[in-house]
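J.: Requesting a structural model of the entry that follows:
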Amino acid sequence: LGDLYYKFTKDVVGNFSVYYGTDADKAALTTKSSALTGAYTNGYPFQVYNFGVAANLNEDWKFKGSYFWNAATKVSDAFTNDAHNGWMGTLQYKGAEAAKVGSWGAYVTYRDIKPFAIDMSQVSGQLGNSLASNTADNAFGQKGWGLQADYTISKNAILTATYEVLNRNSNANSDKLLPFYYVQLNITF
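T.: Predicted coordinates for the structure are as follows:
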């Protein structure tokens, strides 16, 4: 729906964003089982607010973090035992630059996303990885660690490798998900 950014200093930027799913508070979400089957007859129950920060700690280290929560009342009614919020943080060392062969970066990420904190069906990249094995992750949430490294193998070609270990994150279910491995080659022109 919208994003606002504010530059606190030359090295620290904050942002606030809002995401509304279609007919968020009209969705027929009455039980956890209806959530597991994706039975939202009038849209998706998401009214998500996010606060984030990105900071250059020094020349080599960067931090990104965000806190978010879902204010849709249908979610609160159906999942009274679960919080509907979450947070993510990433610590980055250096980073691969497309024009600089041999440049590299390393990242460590942790996330703690409660059930229905965000619309997992609308995310991609690392955050959406677990959806490949289970489309009901909105109802479970997820938490765990991720590691990533990238390396510029030739001009405008960056190779990225990712490894994640996640658990489902709800009062009713804390199953460990399978580790996720990801290798990607990005070429820009």
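J.: measure the residue nearest to Gly105 when sequence neighbours are not counted to Thr188 for me?
T.: Excluding its sequence neighbours, the residue lying closest to Gly105 (CB to CB, 6 or more residues apart in numbering) is Gly95, at 3.6 Å. C-beta: built from backbone N, CA, C; applies to glycine. Noted for Gly95: a distance of 15 Å to Thr188, by CB to CB, to the nearest Å.
J.: Could you check which of these two is surrounded by more residues?
T.: Between Gly95 and Thr188, counted using other CB atoms under 10 Å, the more crowded position is Gly95 (15 against 9).
J.: thought the residue nearest to Gly105 was touching Ser103?
T.: Yes: at 7.3 Å, Gly95 counts as touching Ser103 under the criterion of CB atoms under 8 Å.
J.: Helices along this structure, start to end?
T.: Taking DSSP state H to define them, one finds helices in the chain at 32-36, 73-78, 137-140.
J.: follow-up on the earlier one: separation between the residue nearest to Gly105 and Asp112?
T.: 25 Å.
J.: cool, Met120 as well?
T.: 14 Å.
J.: The two: which is more packed in?
T.: Neighbour totals were compared for Met120 and Asp112, and Met120 leads with 23 against 16 (other CB under 10 Å).
J.: Just the pLDDT for the residue nearest to Phe189 when sequence neighbours are not counted.
T.: Sequence neighbours aside, Asn156 is the residue nearest to Phe189 in space, at 6.9 Å (criterion: CB to CB, 6+ apart). Note on Asn156: pLDDT of 96.
J.: per-residue confidence averaged over stretch 88-96?
T.: 96.
J.: list the buried ones in that stretch?
T.: Within stretch 88-96, the residues scored as buried using 16 or more other CB atoms under 10 Å are 88, 90, 92, 96.
J.: Just put the residues you listed in a markdown table and tack on distance to Ser66.
T.: What follows is the buried residues of stretch 88-96, written out as a markdown table (distance: CB to CB, whole Å):
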| residue | distance to Ser66 |
| --- | --- |
| Met88 | 5 |
| Thr90 | 9 |
| Gln92 | 14 |
| Ala96 | 23 |
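J.: partners of the nearest residue in space to Ser66 that is not next to it in sequence in the sheet?
T.: Nearest residue to Ser66, sequence neighbours excluded (CB to CB, 6+ apart): Gly52, at 3.6 Å. Under DSSP bridges, the beta-bridge partners of Gly52 are Asn15, Ser66.
J.: Can you give me the neighbour number for Gly52?
T.: Using other CB under 10 Å, Gly52 has 18 other residues around it.
J.: Next one: it, what pLDDT does it get?
T.: 97.
J.: ok, it touching Gly89?
T.: No: look at Gly52 against Gly89 with CB under 8 Å: they stay out of range, at 10.2 Å.
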